[in-house]
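**Student:** Return a 3D structure for these sequence lines:
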Amino acid sequence: MTSIRTFIDRRKRLLSKMRQGVAVIATAPERYRNRDTHYPYRFDSYFYYLTGFSEPEAVLVLIATGDENTSQQILFCRDKDVERETWDGFRYGPEAAREAFGFDAAHSIIRLDELAGELLANQPVVFHAFGQDVSWDQRVVGWINRVREQVRKGVSAPAGIQDIRYLLDEMRLIKDGSELAIMREAARISAEAHKRAMRATRPGKYEYEIEAELLYEFRRQGAEAPAYTSIVAGGANACVLHYIQNDAPLQAGDLLLIDAACELHGYAADITRTFPVNGRFSAAQKDVYQLVLAAQAAAIETVRPSNDWDAPHQAALRVLVQGFIDLNLCQGSPDAVIETESYKRFYMHRTGHWLGLDVHDAGEYKQAGQWRNLVSGMTLTVEPGCYIRPAEDIPEHFWNIGIRIEDDVAVTPNGHEVLTGAVPKQVAEIEEWMQCTTISEK
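**Tutor:** The predicted structure is shown next:
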């Protein structure tokens, strides 16, 4: 778990970046699933990154003065309510939350509108995630207009409005030691779930049965939830990039693509493995699999501070394109295939994304129009793939082969660390692992 000192320090860093002004950062609302029940609650990632506070109906207000000694960190949250705790569970309440999470002050969320005018008065800038939630945009603008009504009393309203996410995205992009420790554990749990799923897979089972093995292992090892909706795609379903129905039977001779991982203390892992349902690759499946595996290895090798964000993608693309030509899936020279983008028939996505509190995490990929350089502390996925749908010009033995291999990689000062390497991905490793049908309960 991240220490409260870390959250306090993050707020101080953000206050320093703001220089002067007031920031309003709300957590996520509860969402109804149906008439009288909610979806499981999940906090807003920006809010949690700064507070560590996981209750709904909470708002962080930061007032930057340019002086650390006079800047303020204020929390608005639900009141302590013993009766509601009987129904819904523990609540901190403002006073306990202030002490437990290191705020300068804390108030009831009921008082937010009442105190907003005072907090925004005579501030030069309002920082907020404008455009993320229209109702919050309207609320903040309403506060600003209320302050403007006091101009004859000598009160000035904020003249500037800035999106707080530009500052926070840059902070979140570089993971600190506590974040990396959580992500390593999320990766470990997710790896164990994939290994369990591999051993549970056999012809005649349904995709949802394998999904259940994943979910069981996530929770059994203490993860709060899946980081995203699990993809468990057998046969032709693996050629659908965001397939989530997970309800088809598994057939001997097909491949099974699993893209699934857990969320632990808010942080996501993201793993994809592809393997044969019957435990043995066919010759055609092995050829395509080895190609994707080689592309991933080439991409991972480029993850180091001396390279830019695009280097892994370009490395993977070069290997894939040459392989497509060798397998007679594409025609022409590698340069011509890349220039015409004919490879996109079989590889239509890029090779990775940032990873952290969100599975597609915060952070820009370019700066001033150029791919940004990789820096120690960044975490990303490396996930090349190949998806071959049936067509008259495609040999039948390649039909419905969908393969993606994905690992989570942290940039280190001298190279990289693969966080998810515990899941088998070499052909021999996969086939050997799947021969053992006993699922460990340890």
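**Student:** If you drop the residues flanking it in sequence, what lies closest to the most centrally placed residue in the chain?
**Tutor:** Taking Cα atoms, centre = their mean, the centroid of the chain lies closest to Val359, which sits 1.1 Å from it. Of all residues not flanking Val359 in the chain, Ala268 sits nearest, at 4.2 Å (Cβ to Cβ, 6 or more residues apart in numbering). Backbone N, C-alpha and C define where each C-beta goes, glycine included.
**Student:** thinking that neighbour is in contact with Tyr228, fair?
**Tutor:** Yes - here Ala268 lies in contact with Tyr228, judged by Cβ atoms under 8 Å, at a distance of 7.3 Å.
**Student:** any residues in contact with both of those two?
**Tutor:** 261, 359 (Cβ atoms under 8 Å, 6 or more residues apart in numbering).
**Student:** what about Asn69, neighbour count?
**Tutor:** By the measure other Cβ atoms under 10 Å, the count of residues near Asn69 is 5.
**Student:** er, Tyr216 actually
**Tutor:** 15.
**Student:** Checking it next. Helix, strand or coil?
**Tutor:** With DSSP: H, G, I helix; E, B strand; the rest coil as the basis, Tyr216 sits in helix.
**Student:** That one and Cys262: what is the separation?
**Tutor:** According to Cβ to Cβ, to the nearest Å, Tyr216 stands 11 Å off from Cys262.
**Student:** Which strands and helices lie in contact with the helix or strand Phe47 falls within?
**Tutor:** Phe47 is part of helix 45-51, with elements assigned from DSSP states H and E. Under the contact definition 3 or more Cβ pairs under 8 Å, 6 or more residues apart in numbering; DSSP states H and E, helix 45-51 sits against helix 4-18, strand 21-26, strand 59-64, helix 165-173.
**Student:** Would you state the helices of the chain in chain order?
**Tutor:** For the chain, the helices defined by DSSP state H cover 4-18, 45-51, 82-88, 94-101, 112-120, 134-148, 165-173, 177-200, 207-220, 283-301, 311-326, 334-340, 427-435.
**Student:** Take these and write them to JSON lines, including mean pLDDT and distance to Ala236.
**Tutor:** Formatted as JSON lines, the helices of the chain follow (pLDDT from 0 to 100; distance: least, Cβ to Cβ, whole Å):
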{"stretch": "helix 4-18", "mean pLDDT": "97", "distance to Ala236": "46"}
{"stretch": "helix 45-51", "mean pLDDT": "98", "distance to Ala236": "35"}
{"stretch": "helix 82-88", "mean pLDDT": "94", "distance to Ala236": "44"}
{"stretch": "helix 94-101", "mean pLDDT": "98", "distance to Ala236": "50"}
{"stretch": "helix 112-120", "mean pLDDT": "96", "distance to Ala236": "52"}
{"stretch": "helix 134-148", "mean pLDDT": "95", "distance to Ala236": "40"}
{"stretch": "helix 165-173", "mean pLDDT": "98", "distance to Ala236": "37"}
{"stretch": "helix 177-200", "mean pLDDT": "98", "distance to Ala236": "19"}
{"stretch": "helix 207-220", "mean pLDDT": "98", "distance to Ala236": "12"}
{"stretch": "helix 283-301", "mean pLDDT": "98", "distance to Ala236": "14"}
{"stretch": "helix 311-326", "mean pLDDT": "98", "distance to Ala236": "20"}
{"stretch": "helix 334-340", "mean pLDDT": "97", "distance to Ala236": "25"}
{"stretch": "helix 427-435", "mean pLDDT": "95", "distance to Ala236": "21"}
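**Student:** Could you identify which of these is most buried?
**Tutor:** Mean neighbour count, computed with mean count of other Cβ atoms under 10 Å, is highest for helix 45-51 among the helices of the chain, reaching a mean of 23.
**Student:** Can I get that one in CSV, CA atoms only?
**Tutor:** Listed next in CSV are the C-alpha coordinates belonging to helix 45-51 (Å, rounded to 0.1, in the frame of the first residue of the first chain):
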residue,chain,number,x,y,z
SER,A,45,-8.0,7.9,-10.8
TYR,A,46,-6.8,11.6,-10.6
PHE,A,47,-8.5,12.1,-7.3
TYR,A,48,-7.2,8.9,-5.8
TYR,A,49,-3.6,9.6,-7.1
LEU,A,50,-3.6,12.8,-5.0
THR,A,51,-5.6,11.6,-1.9
